[in-house]
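J.: attaching a predicted model along with its sequence, questions to come.
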Amino acid sequence: MQYKKQEQWGVILGIIVNTIMGIAGVVIYRITKIDALFLDAYFTLLAVFSGLLAVVISKQSKKTSRAFPHGRFMLEPLYAILKSILTLFLLGYTLSNGTAKVMEYFRYGTGEMIEVGPAIPYEIVMVVMGFCLYGFYRRQYKKTKETSIILAAEAKNTLIDTLMSGAIGIGVLFLSIIPEDSQFAFLLYTGDFWITLFLVLFTIREPITVCKNAFIELSNGVVTDEDVKSSIEEVVEKNLPEDMEIRSCHIHKTGMSFRILIEVDSKKEMINKTELMEKSKTIKQELASEYENVKVNFLFP
């Protein structure tokens, strides 16, 4: 339960910080009407609502029932997939909204001049808070031995949000120094679109990566993280009976739950099942210091 407590504490503090940042972002967007700030603010509010869901999932995923005797760990990658899809939707919606505005400007020459207002000091504060929250998420993630896909998703989305704030701040600062009679004056009407386009192109890879990794877990794929694989395989090889050789070792991860399937060849005709059960327990006990939920099974060709 130690890892789950670290996970839940991390998400709860993130909800509090993101609520403050999100409300402030909505207020500044209402003042400035900058589309990039809309993306920034609602991206943060998305983190609040998804964080509330993450707390519930974190508490429920380890619970067992008759229908789920090994727990509901599939809820964790499912959460990561849904959050990634919502993030991609938000990126697409904001970009399409900005595209409509910029096309109207270039087609008809109409549009509203961007009001910078308090956007720059707001973004400075958001960048500082964002990096602090990202560092906290990463610390909590490491405390779970990098097994919490929920904290991994929250950390990546916080980093995206922070980089968004930094890019918006730089972009708005640039817009604030453009004279109205300059050859770049069109940016005073369309600048938020170019900032938003940059943000989308820069950040779209992260939610896709999170979604891909979560889908691998949800579809019972094997672990691709080389550090995790090597650490587990080392323990397995060390505790393998002398008369057996590993044919394959498949490590499946679903949320914080690990299932290790070890296919072995035996040099003896008779297999000592009691010895294998003891070895299975030993492997599980050694891995328990790193991973809380581990199941070990030996397979024979």
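T.: In hand now; what should we look at?

J.: the residue most central in space within the chain and Ala214: what is the separation?
T.: The centroid of the chain falls nearest to Ala153 when counting by CA atoms, centre = their mean (1.3 Å). Ala153 is 8 Å from Ala214, where distance means CB to CB, to the nearest Å. To be clear about C-beta, it is placed using only N, CA and C from the backbone, and glycine gets the same treatment.

J.: anything in contact with each of those two?
T.: Residues touching both Ala153 and Ala214 (CB atoms under 8 Å, 6 or more residues apart in numbering) are 79-80, 84.

J.: now, those that are in helices?
T.: Counting by DSSP state H, the shared contacts of Ala153 and Ala214 place 79-80, 84 in helices.

J.: adding pLDDT, write those residues out as TSV.
T.: What follows is these, written out as TSV (pLDDT from 0 to 100):
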residue	pLDDT
Tyr79	84
Ala80	85
Ser84	86
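
J.: closest one to Ile124 out of those, please.
T.: Nearest to Ile124 among these, counting by CB to CB, is Ser84 at 28.4 Å.

J.: re the thing from before, the residue nearest to the centre of the chain touches Pro77, doesn't it?
T.: No: assessed by CB atoms under 8 Å, Ala153 is found out of contact with Pro77, at 9.4 Å.

J.: return every residue with contacts to both of the two.
T.: Taking CB under 8 Å, 6+ apart as the contact criterion, the common neighbours of Ala153 and Pro77 are Ala214.

J.: any low-confidence regions in this protein?
T.: Counting by pLDDT under 70, the chain has low-confidence residues at 1, 110-111, 267-272, 301.

J.: which parts of it belong to which domain?
T.: As given by automatic domain parsing, the domain ranges for the chain are 2-218, 226-299.

J.: now, of the ones you listed, which is deepest in the fold?
T.: domain 2-218 (a mean of 19; mean count of other CB atoms under 10 Å).

J.: excluding sequence neighbours, find me the nearest residue to Thr64.
T.: Gly71 (5.4 Å; CB to CB, 6 or more residues apart in numbering).

J.: what about the one you found, distance to Leu276?
T.: For Gly71, the distance to Leu276 - CB to CB - is 24 Å.

J.: Leu88: what's it in contact with?
T.: By CB under 8 Å, 6+ apart, the residues touching Leu88 are 204, 207-208, 211.

J.: and if we set it to 6 Å?
T.: Pro207 (CB atoms under 6 Å, 6 or more residues apart in numbering).

J.: so after the helix or strand containing it, what's the next helix or strand?
T.: Using DSSP states H and E, Leu88 sits within helix 75-108. Downstream of helix 75-108, the first helix or strand assigned by DSSP H and E is helix 119-143.

J.: gap between the helix or strand just after that following helix and the chain center?
T.: For helix 119-143, the following helix or strand on the C-terminal side (DSSP H and E) is helix 149-176. Using CA atoms, centre = their mean, to the nearest Å, the mean C-alpha position of helix 149-176 is found 14 Å from that of the whole chain.

J.: same thing with stretch 224-240?
T.: Distance of stretch 224-240 from its chain centroid, counting by CA atoms, centre = their mean, is 25 Å.

J.: rewinding a little: now do the SS call for the residue nearest to Thr64.
T.: With DSSP: H, G, I helix; E, B strand; the rest coil as the basis, the three-state label of Gly71 is coil.

J.: try Glu263
T.: Glu263 - assigned by three-state DSSP - is strand.

J.: quick one: residues contacting it.
T.: Per CB under 6 Å, 6+ apart, neighbours of Glu263: 247-248, 299.
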